[in-house]
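Colleague: what follows is a protein structure lacking sequence information:
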């Protein structure tokens, strides 16, 4: 029996994780469920899985449950010390930074889809990243391709990008793109923020930085190829010229299940690949004129220091403004660049520095948007 603590249980990653728990009730026990606040869905999950602990960032209403309720920073510290086999972080955006920090500082095993926390904490916690199982389909793919191989034998890793919903949309039409259109990803069912990041290709830019920290590999050995079919999730090319790839139908339950079952593999309720039905797989080079954030992310990732954190936080703020209808789709890169050009900070040394950078980015955005 494996015990898990699930952060972000009501989101896309969280609900798909609980599908796996339902399939294997004799193998997985949920010790903690966590969400931003009490909702009907969270209470239904608590009733079904009966966790010993429930954490909410916002204690928004009184509830009658048997689980011990935790909240605030004290609650985060307490849950990060829980005796569980695996923490799973399905929280969206920068809200995942604090729990990731406390979990890794306590030497716990973490499976995470929260790339923002990996990037923002990369300069101060990268020595702890050996305790991480990536849930992102691309980084799970690279993780699996590297098993049994030495990192010094890697010529490059190749991250695949679907290209999002606007791969073939003329750049002249970007100013009129609606929120609904941007959220309509052709292959993946995801949360709002990551869906917009996929539409701008910023998601892939952030994944470049994440791969650098997770696998301790230089940016010169990280490539991106557009692969609209979303069948190949990642590849590793070795110095002898061979390439190992990870392939499957696009379904997040596969990397989630692998993170939980590792080093074993368990059956999942997913559709298996039928190569005779695929026809052909397509690949394209990225269009950096249409999707400048992909290039920008690589450039600022290379700078290290405070830049990856600023980039990550700026993206989240600006994407939310687009989702709220306050800016146009084509203005997302413009505002992110303005923030990057108007902020300076010392290289972060601890969590407090990271949190200060986040607040400064918010202040800079307010200034430039007025």
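Modeller: Okay, I see it. Just so we're clear, the structure is a prediction, and the values are computed from it rather than from any experiment. Residues are numbered from 1 along each chain as shown.

Colleague: tell me the buried residues in stretch 315-333?
Modeller: Within stretch 315-333, the residues that count as buried by 16 or more other Cβ atoms under 10 Å are 315-319, 321-323, 327, 329-333. Every residue, glycine included, has its C-beta placed from N, CA and C.

Colleague: give me the mean pLDDT for it.
Modeller: Averaged across stretch 315-333, pLDDT comes to 96.

Colleague: now that stretch: how far from the chain's centre is it?
Modeller: Computed by Cα atoms, centre = their mean, to the nearest Å, the separation of stretch 315-333 from the middle of its chain amounts to 19 Å.

Colleague: contacts for that stretch?
Modeller: If you take Cβ atoms under 8 Å, 6 or more residues apart in numbering as the criterion, stretch 315-333 is touched by 93-94, 116, 174-177, 179, 182, 192-193, 196-197, 199-200, 202, 206, 292-293, 296, 335-336, 339, 361-362, 365, 369.

Colleague: against residue 296, how distant is the closest residue to residue 93 other than its chain neighbours?
Modeller: Distances taken as Cβ to Cβ, 6 or more residues apart in numbering put residue 316 closest to residue 93, at 5.0 Å, once the chain neighbours are dropped. Going from residue 316 to residue 296 by Cβ to Cβ, to the nearest Å gives 15 Å.

Colleague: and if you look at residue 364?
Modeller: Going from residue 364 to residue 296 by Cβ to Cβ gives 17 Å.

Colleague: got it, and residue 304?
Modeller: In terms of Cβ to Cβ, residue 304 sits 15 Å off from residue 296.

Colleague: got it, and residue 248?
Modeller: When distance is defined by Cβ to Cβ, residue 248 is 30 Å away from residue 296.

Colleague: sec struct for residue 163, please.
Modeller: Classification of residue 163 by DSSP: H, G, I helix; E, B strand; the rest coil places it in coil.

Colleague: scratch that, residue 334 is what I was asking about
Modeller: helix.

Colleague: next, count neighbours for it.
Modeller: By the criterion of other Cβ atoms under 10 Å, residue 334 has 12 neighbours.

Colleague: tell me what the helix or strand encompassing residue 358 is packed against?
Modeller: According to DSSP states H and E, residue 358 maps onto helix 351-369. Under the contact definition 3 or more Cβ pairs under 8 Å, 6 or more residues apart in numbering; DSSP states H and E, helix 351-369 sits against helix 97-105, helix 122-125, helix 307-323, helix 332-341.

Colleague: need the residues that contact the longest strand seen in the chain.
Modeller: The single longest strand within the chain, with elements called by DSSP state E, is strand 28-37. If you take Cβ under 8 Å, 6+ apart as the criterion, strand 28-37 is touched by 1-11, 14, 18, 20-21, 42, 45-46, 49-61, 67, 79, 82, 84, 91, 95, 99, 260.

Colleague: quick check: angle from it to helix 97-105?
Modeller: Computed with axes from the mean of the first three to the mean of the last three Cα atoms, to 10 degrees, the direction of strand 28-37 lies at 150 degrees from that of helix 97-105.

Colleague: could you identify the helix or strand that succeeds strand 28-37?
Modeller: Counting by DSSP H and E, the next helix or strand C-terminal to strand 28-37 is helix 40-49.

Colleague: which residues touch residue 123?
Modeller: Residues in contact with residue 123 (Cβ under 8 Å, 6+ apart) are 304, 305, 306, 308, 309, 347, 348.

Colleague: quick one, what contacts the first one?
Modeller: Residue 304 sits next to 123, 347 when contact means Cβ under 8 Å, 6+ apart.

Colleague: on that earlier part again, which positions within the longest strand of the chain qualify as buried?
Modeller: 28, 29, 30, 31, 32, 33, 34, 35, 36.

Colleague: ok, the fifth one to residue 41 distance?
Modeller: For residue 32, the distance to residue 41 under the criterion Cβ to Cβ works out to 16 Å.
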